[in-house]
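Visitor: dropping the sequence and predicted coords here.
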There are 2 protein chains.
Amino acid sequence: MYDLVVMGAGPAGLTSAIYAVRSGLTAVVLESTIAGGQAATAPFIENYPGFESIKGIELMEKMKKHCMNYCEILENKDVLNAKKSNEGFLIETADERYESRALIIATGAKHKKLNVKGEEEFIGKGVSYCATCDGFFFKNRKVLVIGGGNTAAADALYLNSIGAKVRVIHRSAELRADKVLQQRLASAGINVLYGKRVEEIKGKERVEKVLLSDGTELECDGVFVSAGIDPNNEMAHMLGVKLDDLGYVITDGEQRTNMPFVYAAGDITRGMKQVVVACAQGAIAANSAYVDLKNPYWAEKDTKK
Amino acid sequence: MYDLVVMGAGPAGLTSAIYAVRSGLTAVVLESTIAGGQAATAPFIENYPGFESIKGIELMEKMKKHCMNYCEILENKDVLNAKKSNEGFLIETADERYESRALIIATGAKHKKLNVKGEEEFIGKGVSYCATCDGFFFKNRKVLVIGGGNTAAADALYLNSIGAKVRVIHRSAELRADKVLQQRLASAGINVLYGKRVEEIKGKERVEKVLLSDGTELECDGVFVSAGIDPNNEMAHMLGVKLDDLGYVITDGEQRTNMPFVYAAGDITRGMKQVVVACAQGAIAANSAYVDLKNPYWAEKDTKK
């Protein structure tokens, strides 16, 4: 019986475990694949304060090692069932059962991919899923934003603001983005190509061009895939935690969900998808777990809100 | 004319400048003393993810250098006046005027001190102002918590939860802490010494004992000063930004204050006083400034809330 089981070993989960154990709670981190989360797939991270430039995998190795000073991280633990039990929560994997008094859901999210030739190959070499993370590398360079929703429009405006030369490619005849954003695209002079799909991303060392569904090729230095984000909310679903319309777990300002003693942090919640933000949310979630577990009066008061 | 002036070069201010410039805004950081904030005074930081253990000054040197890749940090700039101007904001120091379209207040806070002999000398050698930061070092060791308010009670419970042997010393005959917290102290078996002041902190290499006002000496390994925190809100006052009852700047979840184009991040706001939380708030504040400056429609909508 642990005080706390942390689901997910990305920046949010690892940080929450560090904070939980430092506050005197017993904790374990369960990870369905390997520790690191999406951050570990980033070729370079240049906006995590303290590291001017570091490979995602390297930063996440550091965080993992940091966390292992405090508690175990169990990898490749695919959760088959997660539910409320009499005394807390019961988590079942193929070969083990874990019980805890509190849970932090830090299962993250994944960017939707185009699933075209060249996409995987050029990740970090021109292909990116995060304008805020990687936009800065593309000042004065030609980039294509793929998508037609609010994220695609916001990414295009963001990249334009940095000074990139931006075009949007969208497979339908109309954007799904809010009218206001469409107007902003127009007034920023950002060109939108409608009714075209990307069929292939081409280049030698780095991205050089894309092949479109009409057979034409477009030269570019970068391809931002803004096809959307899927929160990994299977665990949250199993537990019955409240989600918003996009599938993110809803929390209050202290990372509490609607279920007592269940917290969420990082990309599984709405908000900025940034490593430092996920870490902070993990710290706050752990602190809330500590407060609720050690001071039942407060917890009770909070769930009555 | 800058897009953004950031007031304060602690973790929140430095991170907000990194994010702001990366998003295409022009920015400058003004600091009244030297960069680093309170974090720079921490002898060791062991809960900033990615660094298992680092001197506060060393971590803040890294963040300062990181920030200087993006914009200027001007130190020893004591702000004499800060006000709304026609086109934005006007900041006056003794020798310069700075104009900007938006402002981030990241001026931090300071822990109240006891102002007794030995206090300064043993900071980081047994004297601490932050149980969450340093408590973990004191497992199984004797610590004194000095104070009688909610923070002192919460710190005492936190240290007890870690496994430290805790006593509270309070100068009055009664605690100011909430009754519930007082009951929790009692049921945790934490002893409170009433009507006593700490006159001196003594030791050789590290804290060994304190001298009390009644002439007795108490042996201890650590002294946690929980005498309160003063937010550095002079700038916020000058601008007329709304503060809460403790003097912290009130923000929404995206770090916006009640004044359009003014944001706050870090210890000047309420909430967990942790480096990683301040950094995240800085990132979010910068993103809100970007959104409001580059998309006037949204800003307008937001201020109408």
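Guide: Structure received. A quick note: this is a predicted structure, and the numbers were derived from the prediction, not measured.

Visitor: when you work out contacts or count neighbours from here on, use the C-alpha atoms and nothing else.
Guide: Will do.

Visitor: what residues does the stretch 151-300 of chain A put near chain B?
Guide: A:158-159, A:161-163, A:180, A:184, A:253, A:272, A:276-277, A:279-281, A:283-284, A:295, A:297 (C-alpha under 8 Å from any C-alpha of the partner chain).

Visitor: in helices, which of the residues you listed fall?
Guide: Counted as lying in helices by DSSP state H, out of those, are A:158-159, A:161-162, A:180, A:184, A:276-277, A:279-281, A:283-284, A:297.

Visitor: and the least confident of these?
Guide: Confidence by pLDDT is poorest for residue A:297 among these, given 49.

Visitor: quick check: which element contains residue A:98?
Guide: strand A:97-105 (DSSP states H and E).

Visitor: just the buried ones among the ones in helices among the residues of the stretch 151-300 of chain A next to chain B, please.
Guide: Those of these that meet the buried threshold are A:158, A:159, A:161, A:162, A:184, A:276, A:277, A:279, A:280, A:281, A:283, A:284, by 16 or more other C-alpha atoms under 10 Å in any protein chain shown.

Visitor: turn these into a markdown table, including distance to residue A:36.
Guide: Output for those, formatted as a markdown table (distance: C-alpha to C-alpha, whole Å):
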| residue | distance to residue A:36 |
| --- | --- |
| A:158 | 27 |
| A:159 | 27 |
| A:161 | 31 |
| A:162 | 29 |
| A:184 | 36 |
| A:276 | 14 |
| A:277 | 15 |
| A:279 | 12 |
| A:280 | 16 |
| A:281 | 16 |
| A:283 | 17 |
| A:284 | 19 |
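
Visitor: residues in the stretch 1-150 of chain A within reach of chain B, list them.
Guide: So the stretch 1-150 of chain A meets chain B at A:15, A:18-19, A:22-25, A:47, A:49-52, A:59-60, A:62-63, A:66, A:132, A:135-136 (C-alpha under 8 Å from any C-alpha).

Visitor: outline the domain layout of chain A.
Guide: A:2-110+A:229-303, A:127-225 (automatic domain parsing).

Visitor: quick check: residue A:81 touching residue A:89?
Guide: No - using C-alpha atoms under 8 Å, residue A:81 is not in contact with residue A:89, being 10.5 Å away.

Visitor: more neighbours, those two?
Guide: residue A:89 (23 against 15; other C-alpha atoms under 10 Å in any protein chain shown).

Visitor: the more buried one contacts residue A:104, correct?
Guide: No - assessed by C-alpha under 8 Å, residue A:89 is found out of contact with residue A:104, at 11.1 Å.

Visitor: what kind of secondary structure is residue A:81 in?
Guide: Following DSSP: H, G, I helix; E, B strand; the rest coil, residue A:81 is assigned to strand.

Visitor: residue nearest the middle of chain A, spatially speaking?
Guide: In chain A, the centroid-proximal residue (C-alpha atoms, centre = their mean) is residue A:267; its distance is 3.7 Å.

Visitor: residues in contact with it?
Guide: Each residue near residue A:267 by C-alpha atoms under 8 Å, 6 or more residues apart in numbering or on different chains is listed here: A:106, A:107, A:108, A:109, A:231, A:273, A:278.

Visitor: ok, for it, nearest residue in space, not its chain neighbours?
Guide: In space, and not counting its chain neighbours, residue A:267 is closest to residue A:108: 4.5 Å by C-alpha to C-alpha, 6 or more residues apart in numbering or on different chains.

Visitor: any idea how many residues pack against the one you found?
Guide: Neighbour count of residue A:108, defined by other C-alpha under 10 Å: 27.

Visitor: could you do residue A:137 as well?
Guide: Neighbourhood size, residue A:137 [other C-alpha under 10 Å]: 16.

Visitor: pLDDT at it, what is it?
Guide: pLDDT recorded at residue A:137 is 88.

Visitor: is it true that it lies in a strand?
Guide: No - the assignment for residue A:137 (three-state DSSP) gives helix, which keeps it out of a strand.

Visitor: state the distance from the closest residue to residue A:116 other than its chain neighbours to chain B.
Guide: The shortest distance from residue A:116 to any non-neighbouring residue, by C-alpha to C-alpha, 6+ apart, is to residue A:200 (5.5 Å). Separation of residue A:200 from chain B (C-alpha to the nearest C-alpha, to the nearest Å): 29 Å.

Visitor: what about residue A:200, which SS state?
Guide: Assigned by three-state DSSP, the conformation of residue A:200 is strand.

Visitor: just the mean pLDDT for stretch A:86-94, thanks.
Guide: Stretch A:86-94 comes out at a mean pLDDT of 93.

Visitor: endpoint to endpoint, it covers what distance?
Guide: By C-alpha to C-alpha, to the nearest Å, the extent of stretch A:86-94 from end to end equals 22 Å.

Visitor: how far off centre is it?
Guide: From the chain centre to the centre of stretch A:86-94 is a distance of 25 Å (C-alpha atoms, centre = their mean, to the nearest Å).

Visitor: buried set for that stretch?
Guide: Under the neighbour-count rule (16+ other C-alpha under 10 Å), stretch A:86-94 has A:88, A:89, A:90, A:91, A:92, A:93 buried.

Visitor: so can I have JSON lines of those showing secondary structure?
Guide: Formatted as JSON lines, the buried residues of stretch A:86-94 follow (three-state DSSP):
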{"residue": "A:88", "secondary structure": "coil"}
{"residue": "A:89", "secondary structure": "strand"}
{"residue": "A:90", "secondary structure": "strand"}
{"residue": "A:91", "secondary structure": "strand"}
{"residue": "A:92", "secondary structure": "strand"}
{"residue": "A:93", "secondary structure": "strand"}
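
Visitor: ok, and the most crowded of the contacts of residue A:267?
Guide: residue A:106 (36 neighbours).

Visitor: so what's that one up against?
Guide: Taking C-alpha under 8 Å, 6+ apart, one finds A:6-10, A:12-13, A:264-268, A:282 in contact with residue A:106.

Visitor: ok, those residues vs residue A:209, which is closest?
Guide: Closest approach to residue A:209 among the contacts of residue A:106 (C-alpha to C-alpha): residue A:267, at 30.9 Å.

Visitor: for the stretch 51-200 of chain A, just list every one of the helices.
Guide: A:56-68, A:131-134, A:150-162, A:179-187 (DSSP state H, counting those that start in this stretch).

Visitor: output the second one in PDB with nothing but the alpha carbons.
Guide: This means helix A:131-134. Written as PDB, here are the backbone C-alpha positions of helix A:131-134 (Å, rounded to 0.1, in the frame of the first residue of the first chain):
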ATOM      1  CA  ALA A 131       5.700  25.700 -32.800                       C
ATOM      2  CA  THR A 132       6.400  27.200 -29.300                       C
ATOM      3  CA  CYS A 133       9.200  24.700 -28.800                       C
ATOM      4  CA  ASP A 134      10.900  24.800 -32.200                       C
END
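
Visitor: for residue B:181, see how far away the residue in the stretch 101-250 of chain A that chain B sits nearest to is.
Guide: Closest residue of the stretch 101-250 of chain A to chain B, C-alpha to the nearest C-alpha: residue A:162 (4.3 Å). Here residue A:162 is placed at a distance of 51 Å from residue B:181 (C-alpha to C-alpha).
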